[in-house]
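Trainee: could you work out the structure for the sequence below:
(one chain, ligands or ions: 1)
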Amino acid sequence: FPLTRDHVRGVLPLGGTMLGTTRFHPHESNGGIDAVLETLKHEHIGALICVGGDGTLHAAGKLAEAGVTMVCAPKTIDNDVWGTDRSVGFDTAVSIATEALDRVHTTAESHDRVMVVEVMGHHVGWIAVAAGIAGGADQILIPEEPFDIDEIAAQLRHRHKSYASSSIVVVAEGATAKEGTLDFTPPEGPYGAIVAGAIGERIKYELAERTGFDTRVTILGHVQRGGTPTATDRLLASRFGVAAADAVHEGKTSVMTALVGDRIELVDIAEVAGKVKEVPEELRNVARTLARQGAAAFA
Ligand code: F6P
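Mentor: Prediction:
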């Protein structure tokens, strides 16, 4: 049905999607692409604006190859879409995770505990690093840098012996151990989404075993993905929306709106598809440096 102003009025402070969503990949299902083409023809839809993360972009690319006029806008809390500095949703997820860390500090400090906090992010550590730094985590475990659980435990023991009585460990749901150190594979749902919770529980167990510290785990899960978006995300979504609509009106296709520095640009979907934007070394270094400095300052 036509989306009128009446339909979209008041959506700015809402999360989620009024159109609904699914992890279904039409190109992986027999006759899936043909069914989409048939629906578009039947409904007289001349162009699609697809909003989502790497799975959406991949499917959108396949539809573009099949002749659909296609413009995409990156939206995923994981912030792992290649070609754009930011995806819509990331800022909100980081804000929620940071607030959760601020709150978890209270119990950690009051009860002298190690608090493990698992955040989302799929196979990258953007949320973990950003919220971990902003929320003052003492260790941040991310997929980009496989961890050695013995090393983490040793650092916590050193920290608690030297000066601290509590610690916060942030673990990204996709974090993995260094080869040969811990036998763990994150459970995956259909279409490769990580099922949240497993790594957090495992890290809690392993750290408690190795350190003897009173240890608890908090799995933030889908809390990070819902509720009202931050002003930064609303602004970015609005900018992407206008750029995407303009692109369609200008007859562009197979492009994605992207934030590059402070500008909105259009990038080719082909350049983006299949690539994952990992946390850059500079940001990882900040996380490492702060964890190290905390230990060094009081050692
Ligand atoms: O891609 C967004 C995301 O929230 C990931 O961080 C997470 O791995 C996945 O989705 C969870 O998916 P589902 O809601 O299907 O469990």
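Trainee: sec struct for V116, please.
Mentor: Of the three states, V116 takes strand according to DSSP: H, G, I helix; E, B strand; the rest coil.
Trainee: please name the bridge partners of it.
Mentor: For V116, the beta-bridge partners under DSSP bridges are V169, V217.
Trainee: that one reaches A175, doesn't it?
Mentor: No: using Cβ atoms under 8 Å, V116 makes no contact with A175, being 11.0 Å away. Yep, even glycine has a C-beta here, placed from its N, CA and C like the rest.
Trainee: what do these two both touch?
Mentor: The contact sets of V116 and A175 overlap at I203 (Cβ atoms under 8 Å, 6 or more residues apart in numbering).
Trainee: quick one: the most far-flung residue of the chain relative to its centre from F213, how far?
Mentor: Ranking residues of the chain by C-alpha distance from their mean position (Cα atoms, centre = their mean) puts H42 at the top, at 35.5 Å. According to Cβ to Cβ, to the nearest Å, H42 stands 61 Å off from F213.
Trainee: same check, this time on L220
Mentor: L220 sits 21 Å away from F213, taking Cβ to Cβ as the criterion.
Trainee: between those two, which one's more packed in?
Mentor: Neighbour tally, L220 and F213, criterion other Cβ atoms under 10 Å: the higher count belongs to L220, 23 against 17.
Trainee: show the model's pLDDT score for the more buried one.
Mentor: pLDDT, L220: 98.
Trainee: pretty sure it contacts T98?
Mentor: No: the pair L220 / T98 is not scored as a contact, 10.7 Å apart, by Cβ under 8 Å.
Trainee: Provide a list of residues in contact with G83.
Mentor: Per Cβ under 8 Å, 6+ apart, neighbours of G83: 74, 256, 258, 267, 271-272, 275, 277.
Trainee: make TSV out of these and add distance to L14, pLDDT and secondary structure.
Mentor: Below are the contacts of G83 laid out as TSV (distance: Cβ to Cβ, whole Å; pLDDT from 0 to 100; DSSP: H, G, I helix; E, B strand; the rest coil):
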residue	distance to L14	pLDDT	secondary structure
P74	19	98	strand
M256	23	98	strand
A258	24	98	strand
V267	28	98	strand
E271	32	93	helix
V272	27	92	helix
K275	30	94	coil
K277	27	98	coil
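Trainee: which one of those is nearest D148?
Mentor: Distance to D148, by Cβ to Cβ, is smallest for K277 among the contacts of G83, at 25.4 Å.
Trainee: wait, isn't the closest one in contact with R86?
Mentor: No: K277 is beyond contact range of R86, at 10.1 Å (criterion: Cβ under 8 Å).
Trainee: mutual contacts of the two, please.
Mentor: With Cβ under 8 Å, 6+ apart as the test, K277 and R86 both reach N79.
Trainee: tell me how many other residues surround the one residue in the stretch 1-150 of the chain that gets nearest to the ligand.
Mentor: Relative to the ligand, the nearest point of the stretch 1-150 of the chain is M120 (3.4 Å; Cβ to the nearest ligand atom). Using other Cβ under 10 Å, the number of residues around M120 comes to 25.
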